[in-house]
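sequence and predicted model, in that order:
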Amino acid sequence: MPKENLLLVFDDGDAKEKTPLRRHRPKMKAMLSIALAKAKTAVLLDNALNSDNAIENHAEACALLQQIMLRSSDVADRKRLSAVRKSYSDRIAELYDLDDPFAGLDSKDLFEDPPSDNTNGAFFRNNVETSAIDAPDQMHIPS
């Protein structure tokens, strides 16, 4: 019997009938091939400065990789797929930033605020403390 026709049987215990489940391996391989083809197309579009379509293809590749990760039972495979998916997601973010002329403005360094200690008081008020009672003595009235 060929492997493609192999069926797994799922038994939930109380069910009167058993539900056949097909193996996921061939479907996952096909999905992985499609994801890699989408990623390759995205790179070609990226090199041709076609950001919108590159983003679309990278996003489709990420979605396929996510589906494969959910179906995979091998932890090492999921980690590798996750790393690849993260690199595609990072590139999508970079492409969005390239399309947005204001993307880098939030991250630019601004001038530092002046220190907030009492040494700056001279810039904003007179250092001499005056009260209403002392004010007439300090006033110079020309004669």
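Arrived safely. Numbering: from 1, shown residues only.

all helices for the chain, in order.
For the chain, helices defined by DSSP state H occupy the ranges 25-47, 51-71, 75-99, 121-124, 135-138.

pick the most deeply packed of those.
For the helices of the chain, the largest average neighbour count (mean count of other C-beta atoms under 10 Å) is found in helix 51-71, namely a mean of 18. For the C-beta atoms, the positions are set from N, CA and C on the backbone; glycine is no exception.

tell me what that helix is packed against?
helix 25-47, helix 75-99 (3 or more C-beta pairs under 8 Å, 6 or more residues apart in numbering; DSSP states H and E).

got the phi and psi for residue 74?
As for residue 74, its main-chain torsions (degrees, to the nearest 10) stand at phi -90, psi 120.

hang on, the earlier thing: least reliable of the helices of the chain going by mean pLDDT?
Note on the helices of the chain: lowest mean pLDDT is at helix 121-124, with a mean of 52.

adding distance to residue 62 as columns, could you present the helices and strands packed on helix 51-71 in a markdown table?
Below are the helices and strands packed on helix 51-71 laid out as a markdown table (distance: least, C-beta to C-beta, whole Å):
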| stretch | distance to residue 62 |
| --- | --- |
| helix 25-47 | 8 |
| helix 75-99 | 5 |
